[in-house]
Structures are given as C-alpha cells and as structure tokens.
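# dropping the sequence and predicted coords here.
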Amino acid sequence: MAYKQLTDKPGALETAAAIRAGEISVVEAVDAAIVRIEHLDADIDALAVPDFERAFDAAKALDAAGPRDDQPLFGVPMTIKESFDIEGLQSCWGHERLTDYIAPRDADLVRRLKAAGAIIVGKTNVPIDLSDWQSFNAVYGRTRNPHNLERSPGGSSGGSSAAVASGMVACDYGTDIGGSVRVPAHFCGVWGHKTSWGLVSKQGHDHPQMARRKGFVTAHDGALSIAGPLARNAADLAVLTEIGATIPLPRNPKPLAECRLLAITEHPDSVLDVGVSEPTIAALAALEAAGVALEYDTDLMPNLARQQADYLRMLNTAMARGAPAPDGKRATATDWFDLLDAQAVSEFEWARLFERYDFILAPPAPVLAVPHLDDAVFNSTLRINGEDVPAGGGLAWSGLATFPNLPSTVLPIGDGTTEGVTLPCGMQVIGPRWADLDCIHAAEEIGKILHG
C-alpha cells in the first residue's frame with residue numbers, strides 16, 4: 001500500500017511562507033515553475049495555454065508591493081483549467097473551430113485567486129467539452145499521466161492533476177460533474193476536492209461557442225457541476241477552497257477517533273477492479289487497526305441503483321443542454337422537474353444518513369488510471385478484473401456525492417496493481433453539504449494514519 005509522490009517540490013502554502021521569509025523572491029518562484037514546466041511538459045503535455053510573460057510582470061509587481069495579510073497565496077505560481085476564462089487568453093474547450101475565442105475578462109475564480117496573491121502561469125489541458133476521463137484534443141494534444149506515460153491522468157481536469165503531480169506547480173483549480181476533479185486526483189496520486197454544489201462561483205466558465213455567439217456571458221452554476229481545487233496536501237486544498245468559497249464555511253474539526261464512518265465498497269452498478277479494491281481494503285484495515293470506528297452497512301443507505309439512474313439522466317441532460325439523446329428523444333420540462341424532485345429526495349436521504357455518520361469513505365472510481373484511447377472512455381469499455389464492461393457504470397462512484405450535491409475530498413491512499421501495472425489509488429471522503437473543510441480535515445487525518 002506504499003505510495004510515493006513524484007516530486008519533493010514545496011506546496012502552495014510552503015512556497016508562500018518561503019517568499020514571506022525572504023528565502024526566495026516571487027520572480028524566482030515563478031521562474032522556477034516555468035523552468036519545471038519547460039523541462040517536464042515535453043513528455044507530459046499538461047499545459048495548454050502558457051502565460052509566462054504576464055506571469056513575470058505580475059511577479060515583479062508583487063515583489064515591489066510586498067505581501068499583505070489577506071494574501072495566503074502570495075507569490076505562488078499555479079495553473080488553472082483551460083475552461084476558465086483569463087482575460088486575453090484562448091479558451092476553446094478542445095475545439096479547433098473555437099480557437100478564435102479570446103476571453104475579454106477574468107472568471108470570478110481567477111480574480112479571487114489573483115487577489116489572494118496567486119500568479120497563474122497558464123491553463124491546463126482538457127478533453128473536448130470537458131467530457132472524458134482522458135485529456136486530449138487536436139488543439140493541445142494528449143496529456144499523459146506522470147506516473148506512467150502510457151496511462152491517462154484522468155479528465156476532465158487531467159492537465160490540472162498532471163501538472164500538480166509532476167511538480168510543475170503546487171496547485172490548480174478544475175471542475176467536476178462526473179468525477180472530473182476526483183478521478184484525476186485518484187489517477188495521479190494527488191489531493192482533490194469536489195466542493196459543495198454552489199459554493200465556488202463558475203462565473204466566467206463559459207462554453208466558447210456560447211460566448212462567441214452571444215458575446216461574453218457569465219455562466220451560472222449548472223446542475224451538478226462544481227469548481228474544485230487540486231493540490232499535493234490537505235492544507236493547500238483547504239485554503240484554495242476557502243479562497244473560492246462565496247459563503248463562509250463552517251469549520252468543526254473532529255478527531256477521527258470520535259467520528260463514525262461508513263465505508264461503501266460495493267455498488268450495484270459498478271464492480272471494483274482489484275487494483276482499487278485491494279488498496280482500499282488495506283487502507284480501511286489500517287484505519288480500524290488505528291482505532292477508527294468503521295461500519296460497512298446501514299439501514300439508512302439510499303437506493304444506490306435508483307440514484308445512479310437518476311444521476312446519469314440528469315448528467316446527460318445537463319451536458320447536452322436539452323439536445324436530443326442518441327436515441328432521438330429530447331428531455332421535456334416535465335422530465336427535468338422530475339429529475340429535480342429525485343435529486344431533492346436524494347439530498348434528504350443523504351442528510352438523514354449524516355445524522356448518524358460523520359463521513360462516508362468510498363473509491364473515486366472502479367479502476368486505476370486507464371490506458372490511452374483514441375476515442376472517449378465513455379464510448380468504450382473499462383477493463384475490470386480481466387473483463388471489458390461498459391464505461392458508464394464507472395460514474396457510479398463519482399455520482400455518490402455529485403447527485404446529492406455533497407462535498408468530497410480525495411486523498412492518495414497507496415498504490416494498486418492492475419494487469420501487472422502499478423499506479424496510484426485514491427479514496428474519497430464524503431461529508432454533509434457545506435462541510436467542505438471538515439471533509440478535508442478528515443482526509444488529512446486519514447492520510448496521517450496511512451502514511452505517517
């Protein structure tokens with residue numbers, strides 16, 4: 001179950017502390033990040049849109065101004081997912097025909113990160129329309145998993161996770177509707193957080209086709225989809241979440257020994273590959289050996305098969321924006337309101353479950369990092385325990401938290417082996433809505449038990 005990070009480069013808060021202490025200037029921190037990107041990215045291809053010149057200008061300005069108390073990321077070089085608008089930079093979501101769209105202003109999240117002192121050195125790669133567990137397209141190429149270049153780093157925030165895991169940058173911000181933060185974190189062995197739905201603004205996260213056709217528009221928080229950070233430790237994840245949060249978040253940390261945890265290791269729609277099940281079982285056993293109270297079944301468990309069916313219907317309808325499905329049928333307004341009703345029921349069921357349990361532990365996906373494919377993963381199959389199964393079932397594990405709008409933190413728990421290939425494995429820690437910081441804290445405590 002051993003796990004080794006690929007880099008010993010400092011995290012975001014550690015970098016900010018070094019700058020404040022005068023050990024390194026902001027210009028030097030940015031230059032070092034760019035050197036790492038230029039060295040590593042030839043093989044990984046995580047960076048889609050560089051912004052090095054303006055990053056240097058911003059670094060010089062911060063060095064001249066000096067740090068402020070309200071800038072926890074003072075001088076920290078980072079990246080952000082290509083789909084977020086940055087004034088003056090291309091945003092095409094992987095479409096060759098949309099490369100003429102240049103964002104006229106920064107997304108709200110970008111403004112918040114800059115205000116907190118971060119310097120964004122570029123934007124990271126995505127699949128077309130942010131709709132795959134790979135990150136490749138004809139515009140930016142194919143991002144590779146830094147642990148194994150023959151494998152995917154995940155998607156749709158795959159460039160984000162690869163940049164963080166390899167040490168190019170300390171942190172990134174992605175989005176998640178079908179595991180697009182959590183699966184890349186799991187595939188690349190880093191930390192990721194799916195925020196409570198509605199917590200982080202997605203204003204300025206606009207599909208370029210709409211923005212080009214209508215002029216600049218400000219995206220609303222579409223159903224299910226969230227913005228969430230990726231980092232290499234829990235402390236960085238927490239501060240990134242707080243910076244992005246549009247409302248004050250409660251912080252009620254509780255010692256893990258006093259928590260009641262429910263582990264979900266079986267799902268009626270998705271069998272776990274041995275590469276995931278073995279490190280998951282080992283991690284749960286290590287927690288129990290450390291005195292953590294775990295349960296594996298409850299009479300309060302929502303109907304997971306029903307939830308998965310409703311989640312997939314809502315996901316597909318939201319992604320298609322009401323366009324006809326492959327079978328030619330178009331969702332009606334009644335269909336959508338029925339899905340909202342089903343989601344409300346799901347939210348209630350999970351809230352009732354959290355009256356008994358503090359957190360839910362579950363795998364983020366049924367497989368480890370998948371091999372590169374020429375087509376989208378969800379047009380193909382997943383190899384699970386030697387058998388090819390429809391890939392759509394893999395969304396069941398991300399849907400656990402997505403459909404009821406819950407927060408979920410993914411931490412690396414160790415390595416797993418599938419078909420002779422050893423790769424990182426993660427675990428998600430799911431909590432009640434708005435308990436984002438408590439999820440991150442619980443994940444951090446779990447990490448201390450597993451990795452010392």
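Thanks, I have it. Numbers count the residues shown, from 1 in each chain.

# which residues touch residue 94?
Contacts for residue 94 (CB atoms under 8 Å, 6 or more residues apart in numbering) come out as 82, 126-129, 137-140. From N, CA and C alone the C-beta is placed, and that goes for glycine too.

# buried among those residues? Need that as a selection in ChimeraX.
Burial among the contacts of residue 94 is assessed by 16 or more other CB atoms under 10 Å; the matching ChimeraX selection reads:
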select :82,126,127,128,129,137,139,140
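
# in helices, which of the contacts of residue 94 fall?
Applying DSSP state H to these, no entry is found in helices.

# need the contacts of residue 94 in CSV (columns: pLDDT and distance to residue 120).
Formatted as CSV, these follow (pLDDT from 0 to 100; distance: CB to CB, whole Å):
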residue, pLDDT, distance to residue 120
82, 98, 12
126, 98, 16
127, 98, 21
128, 97, 23
129, 96, 23
137, 98, 21
138, 97, 24
139, 98, 19
140, 98, 17
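
# so who does the residue nearest in space to the middle of the chain touch?
By CA atoms, centre = their mean, the chain has its centre lying nearest to residue 181, at 1.5 Å. Counting by CB under 8 Å, 6+ apart, residue 181 makes contact with 157, 160, 174-175, 192-194, 226, 228-230, 410.

# show me where pLDDT drops low in the stretch 101-250 of the chain?
214-220 (pLDDT under 70).

# element containing the residue sitting furthest away from the middle of the chain, please.
Going by CA atoms, centre = their mean, the residue of the chain most distant from its centre is residue 64, 33.9 Å out. Using DSSP states H and E, residue 64 falls within helix 52-65.

# repeat that for residue 426.
With DSSP H and E as the criterion, residue 426 is inside strand 421-430.

# for that strand, list every residue counted as buried.
In strand 421-430, counting by 16+ other CB under 10 Å, buried: 423-430.

# about what we covered before: distance check, the residue nearest to the centre of the chain against residue 130.
11 Å (CB to CB, to the nearest Å).

# and for these two, which residues touch both?
Joint contacts of residue 181 and residue 130 (CB under 8 Å, 6+ apart) are residue 175.

# so what's residue 316 closest to, chain neighbours aside?
Of all residues not flanking residue 316 in the chain, residue 325 sits nearest, at 6.6 Å (CB to CB, 6 or more residues apart in numbering).

# so how many other residues sit close to that neighbour?
Residue 325 has 13 neighbours, counted by other CB atoms under 10 Å.

# quick one, helices of the stretch 101-250 of the chain?
108-115, 158-166, 182-188, 208-214, 234-244 (DSSP state H, counting those that start in this stretch).

# by contact count, what packs against the last one?
If you count contacts as 3 or more CB pairs under 8 Å, 6 or more residues apart in numbering; DSSP states H and E, helix 234-244 packs onto helix 12-20, helix 108-115, strand 171-176, strand 191-194, strand 226-231, strand 408-418, helix 436-451.

# summarise which helices and strands the second one is packed against.
Just to be clear, that refers to helix 108-115. strand 77-81, strand 119-124, helix 234-244.

# what sits up against it?
Contacting residues not belonging to helix 108-115 are listed as 58, 70-71, 73, 78, 80, 84-86, 106, 120, 173, 200-205, 227, 243-244 [CB under 8 Å, 6+ apart].

# CSV please, covering the helices and strands packed on helix 108-115 and showing mean neighbour count and distance to residue 280.
Converted to CSV, the helices and strands packed on helix 108-115 look like this (neighbours: other CB atoms under 10 Å; distance: least, CB to CB, whole Å):
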stretch, mean neighbour count, distance to residue 280
strand 77-81, 30, 27
strand 119-124, 28, 28
helix 234-244, 24, 19
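
# turn the helices of the stretch 101-250 of the chain into JSON lines, columns for distance to residue 304.
Below are the helices of the stretch 101-250 of the chain laid out as JSON lines (distance: least, CB to CB, whole Å):
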{"stretch": "helix 108-115", "distance to residue 304": "32"}
{"stretch": "helix 158-166", "distance to residue 304": "26"}
{"stretch": "helix 182-188", "distance to residue 304": "17"}
{"stretch": "helix 208-214", "distance to residue 304": "34"}
{"stretch": "helix 234-244", "distance to residue 304": "27"}
